[in-house]
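Peer 1: Kindly return the folded structure for what I paste below:
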Amino acid sequence: MARIAGALEEGYALTIDYGFTRAEAVRFPSGTLMSYRRHTAREDVLEDPGGRDITAHVNFSALEAAGEATGLRRESFGTLAQTVLAAGEADQFAGALAAPGEREQLRRRMQLKTLLFEWARRSAFCCSGRPPPEPLIFPAAPGRALPSRTPA
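Peer 2: So this is what the prediction gives:
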């Protein structure tokens, strides 16, 4: 986070990953290290070496604390779907969809539709144990107030 804060003169640092807050850590008494293959999770990361992806969830509370220690302030924290929808809400995604030519506009509309459908699917999937990615956004501008929802 120190390197990011040192390089960030303006704009935002956007972090997106599967994760949890300190308060949610009780759900993972053995830690979050696990392996995945074809959307199936396993706790035994040594099962099927080379045939499974190994991953661990991010502790967003620790990430936020590290960011604040370098002078960054959290702008928002929520699911990726909430963040993207909020970003496009002001102009109903007109800025992102604007493109020269009808073909490019259609391509962008289809990309947006695919992304939003995938996030909606993952949000439903989270109820079965795997939460959707959550972004943690730090603005570069110093002194911005933290929103009221603070990860514990």
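Peer 1: quick one: the strands in the chain?
Peer 2: 12-17, 19-20, 34-37, 40-42, 53-55, 58-59, 76-77, 134-139 (DSSP state E).
Peer 1: Between those strands, which has the poorest mean confidence score?
Peer 2: Lowest mean pLDDT within the strands of the chain: strand 134-139, a mean of 55.
Peer 1: Report the contact partners of the nearest residue to Ala5 once chain neighbours are set aside.
Peer 2: Leaving aside its sequence neighbours, Ala5 sits nearest to Thr70 (CB to CB, 6 or more residues apart in numbering; 3.7 Å). C-beta: built from backbone N, CA, C; applies to glycine. Thr70 makes contacts with 1-2, 4-6, as judged by CB atoms under 8 Å, 6 or more residues apart in numbering.
Peer 1: please redo it, this time with the cut-off set to 6 Å
Peer 2: 1-2, 5 (CB atoms under 6 Å, 6 or more residues apart in numbering).
Peer 1: Any chance of JSON lines for the strands of the chain, columns mean neighbour count?
Peer 2: Shown next, in JSON lines, are the strands of the chain (neighbours: other CB atoms under 10 Å):
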{"stretch": "strand 12-17", "mean neighbour count": "16"}
{"stretch": "strand 19-20", "mean neighbour count": "20"}
{"stretch": "strand 34-37", "mean neighbour count": "16"}
{"stretch": "strand 40-42", "mean neighbour count": "11"}
{"stretch": "strand 53-55", "mean neighbour count": "12"}
{"stretch": "strand 58-59", "mean neighbour count": "18"}
{"stretch": "strand 76-77", "mean neighbour count": "20"}
{"stretch": "strand 134-139", "mean neighbour count": "22"}
